[in-house]
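Undergrad: Next one to model:
(4 chains)
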There are 2 protein chains.
Amino acid sequence: MFTLSQLESFVAVAETLHYGRAAERLSMTQPPLSRRIQLLERELDVELFDRIGRSVRLTAAGRAFLSDARRILGLSEQAALSVRRVPAGEIGTVALGFTASSAHSVLDDIVGGIHTRLPGVDLVLRERVSGRQMEELHSGELDLGLVRPPVPGTGLEHRPLHREALLAAIPAGHPLAAPDRVPHVRDLDGEPFVMYSPAEARYFYEVLVGVFRGAGIAPWYVHHLSQVHTILALVRAGLGLALVPRAAEELGLDGVVLRPVVGVEGAPVELVAAWRANDDSPALHAVRDLVIDLAGRGFS
Amino acid sequence: MFTLSQLESFVAVAETLHYGRAAERLSMTQPPLSRRIQLLERELDVELFDRIGRSVRLTAAGRAFLSDARRILGLSEQAALSVRRVPAGEIGTVALGFTASSAHSVLDDIVGGIHTRLPGVDLVLRERVSGRQMEELHSGELDLGLVRPPVPGTGLEHRPLHREALLAAIPAGHPLAAPDRVPHVRDLDGEPFVMYSPAEARYFYEVLVGVFRGAGIAPWYVHHLSQVHTILALVRAGLGLALVPRAAEELGLDGVVLRPVVGVEGAPVELVAAWRANDDSPALHAVRDLVIDLAGRGFS
DNA sequence: AAACATCGATCCATTATAGGTATTGGTTGA
DNA sequence: TCAACCAATACCTATAATGGATCGATGTTT
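TA: You can find the predicted model right below:
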C-alpha cells in the first residue's frame, strides 16, 4: 500500500508540474521526491506522469488518481482534527433517557441547550419509566437518565435537577374551581380521584400516598394511570380530581383548572439526573455538566 | 501526519483488542506494533486505547477514529484498484459530439454499447454541427465526434462509420405516393422542394446539390432547414417534397411516405468518427475501438 | 498464598528506508 | 553550438522501523 506522504508528494508535483518547485513546497530536495513518485508508480503499477523531455504532464491515470489522492488526504486531515475534539466532549453520541413527565418540563431546555452549546454531540432520546432507565444505564443502552428518585447506589451516580410543586386538577365547573375558593387537601378526602399507576408511575404514586397519609385522608381512587395528559383528560371528563406536577400547565388544557392546594406545600416532585459512575465518555461528561449547569440556572 | 500503516495497525488492534494477535495478522512481532500505536497516539495527541491491566479497550476517541480509519483505508484500496483500470480504458470520461441527424441512426447503439461493454466510462454527449465539432475536437472540448465529411487533415484522424441511402419524403395524398408509382429524380424537377440549409446542414445541402446537378434537374427550393423532423413536418403540411436519410423511417411520422428514388441510388450520406491524432486517453481509445467495432457489425 | 502464565511496554542491536549531495543525460532555447 | 534547465541516477549518511530478549504488572491455578 502507498503512503500518505507519497500522496502529498504526488499532489504537489501534479499541481506544480515541476519537481524542483514541488520539492521546495514539500521542504525537501528534488532527488528523493523523484524517487518517491517512482515508488508510488511502481506500487500502483501505473504511470502517473509523462516525462517528455523536461516537461511533466499528468497521464489519464494521473488525473483520475489526483482526485482520489486529494480526497484521501482531506479525509485524513479531517479525521486527525476531529478525533482531537472527542476527549473534549465536543463530539460524540449520548443516549438520554427521560420519563414522560419530564418531557413536559425540562426536556425542551436540555435538548435545545445541547443543540446550541454542544453542536457536535448527537443525542439519542428514549422515553422510559425510571426503573427501566436504571436498567439500561447499567447495561450501557443509556448514558444519562432523567429519572425519579430514589436512585439505588450500585454503580450509578446522580444529582438532583429540579423540584416541582403538585397542583390540584379540577374540572372547570366543579365547586372547588370557584375563583374565591382555596382548595385544601382535606377537600380530597373520600372524593373520586384519578390516581397514578403504582406500576408504571410508581414515584408519583408513592409521593401522593405519602401526601394523603400525612394529611390523614383517603381519596377514592377511580382510575390508575401513568400519563399526565391522560389523567387530565379524565379530570376534564368529570371522573374525579387529581394532583399533577406544575409542568402540566404547559399543556394548556381547557376545561381543567390547576390550583395550589393547602397542605401540599413545597415542591415534593423531584427529578434527578443519573449516569454510570465509571463512564468515561467525554461527550457524556460534557452533556452531564451542561444539564447540571442548566438546572442551576432554573432551566430559563 | 499519520501513515496508512499506522491506520492498518490501529484497525487490527481495535478489532482484535490483542496486540499479539494483531501483530500476527500484520505479519510482524508485537514490540514494533506497540510502538506504532504509541506513535499514532502521540501524532494525534489522543489516547486511542485504555490499557487496563492486560486488557485493551477502545476509548471514545478510539471508537470515533476507528470508523474514519476504516473509511480512509477503504478509499485508499479502492483508489489503488481503480487507477489500474484507467490505462486499460475501462475508466474515464469521453466527450462525444454528434450531429442531429446521427441521433436518429447510430447514436442509440453507440451509447448502449458503451453502457454495457465499458460501464466505467462516463459519456458526455454534445449535439453540434460537424464544423463546430471539429473546432471542439481541436480545443479539447470534445474527444470523439460523429461528423459528416470531409474531415480536414490537420491534427484529426477519422474513419468512416456508416453510409445511408436518401429517400424521397412525399405527403400521403401526393400522386408520387401512389403504391404502384416508382418515383424518379426527374419527378423533382421544378417541383416545390424542402431543402437543407447551406449554413447549418452544409453536408446534406452539398450532397443534394450534387445529386440534382448529376441528374440535370433544378427543384424549386421553398424552404431551407437543418433538422430532419422539421423538414418532414413541412412535407406533411404539403409545402413540398424532400430527400432525407433512411434513418428518418425511425421517426415513424404519419402522413409522410418515404420512398426510394430511381437516380439516387447507393448510399450517398456518409457518417465518420473523428478524434485528435495525438490523444492518448485510454478511455477514448477504448470507446473509439468499440464504435468502430459496432460500425463493422452494422450497428445491429 | 505462592508459583505460574499472559500480555503490553521497554531496551538494544540490526536492518531497512528515506533524505541529501554530487553528478549525469537528455532537452530546450538562445 | 553552447548554455541553461530539469529529471534521473549514484552514492553516502542519518533516521526510523524491526525483532529478540526482557521487564513489570496482572490475573490464574494449584
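Undergrad: what residues does chain A put near DNA strand C?
TA: With C-beta under 7 Å from any atom of the strand as the criterion, chain A comes near DNA strand C at residues A:3, A:5, A:27-29, A:31-32, A:35-36, A:39, A:52-55. For the C-beta atoms, the positions are set from N, CA and C on the backbone; glycine is no exception.
Undergrad: For the residues you listed, which single residue is the most surrounded?
TA: Of all the residues of chain A next to DNA strand C, the highest neighbour tally under other C-beta atoms under 10 Å in any protein chain shown goes to residue A:36, namely 21 neighbours.
Undergrad: Can you narrow the residues of chain A next to DNA strand C down to the ones near chain B?
TA: Under the cut-off given by C-beta under 8 Å from any C-beta of the partner chain, chain B has A:3, A:5 from the residues of chain A next to DNA strand C close to it.
Undergrad: List just the nearest of the residues of chain A next to DNA strand C to DNA strand C.
TA: Closest approach to DNA strand C among these (C-beta to the nearest atom of the strand): residue A:53, at 2.5 Å.
Undergrad: ok, now how distant is the closest one from DNA strand D?
TA: 9 Å (C-beta to the nearest atom of the strand, to the nearest Å).
Undergrad: how about that residue, what does it touch?
TA: With contact set as C-beta atoms under 8 Å, 6 or more residues apart in numbering or on different chains, residue A:53 has no partners.
Undergrad: phi, psi of it?
TA: With angles defined as degrees, to the nearest 10, residue A:53 sits at phi 60, psi -130.
Undergrad: could you measure residue A:151 against DNA strand D, distance?
TA: Taking C-beta to the nearest atom of the strand as the measure, residue A:151 falls 28 Å from DNA strand D.
Undergrad: so what's that residue up against?
TA: Listed by C-beta under 8 Å, 6+ apart, the contact partners of residue A:151 are A:134, A:158, A:272, A:274.
Undergrad: Among the residues you listed, which are located in helices?
TA: Of the contacts of residue A:151, the ones assigned to helices by DSSP state H are residue A:134.
Undergrad: any chance of the contacts of residue A:151 in TSV, plus neighbour count, distance to chain B and pLDDT?
TA: Converted to TSV, the contacts of residue A:151 look like this (neighbours: other C-beta atoms under 10 Å in any protein chain shown; distance: C-beta to the nearest C-beta, whole Å; pLDDT from 0 to 100):
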residue	neighbour count	distance to chain B	pLDDT
A:134	22	23	94
A:158	19	22	96
A:272	18	24	96
A:274	24	20	96
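Undergrad: Which two among the contacts of residue A:151 are spaced furthest apart?
TA: The distance between the two most remote of the contacts of residue A:151 (C-beta to C-beta) is 11.2 Å, for A:134 and A:272.
Undergrad: Need the overlap of contacts for the two.
TA: A:147, A:151.
Undergrad: Distance check, the residue lying closest to residue A:220 once chain neighbours are set aside against residue A:230.
TA: The spatially closest residue to residue A:220, leaving aside those adjacent along the chain, is residue A:192, at 5.3 Å (C-beta to C-beta, 6 or more residues apart in numbering or on different chains). As judged by C-beta to C-beta, to the nearest Å, residue A:192 and residue A:230 stand 16 Å apart.
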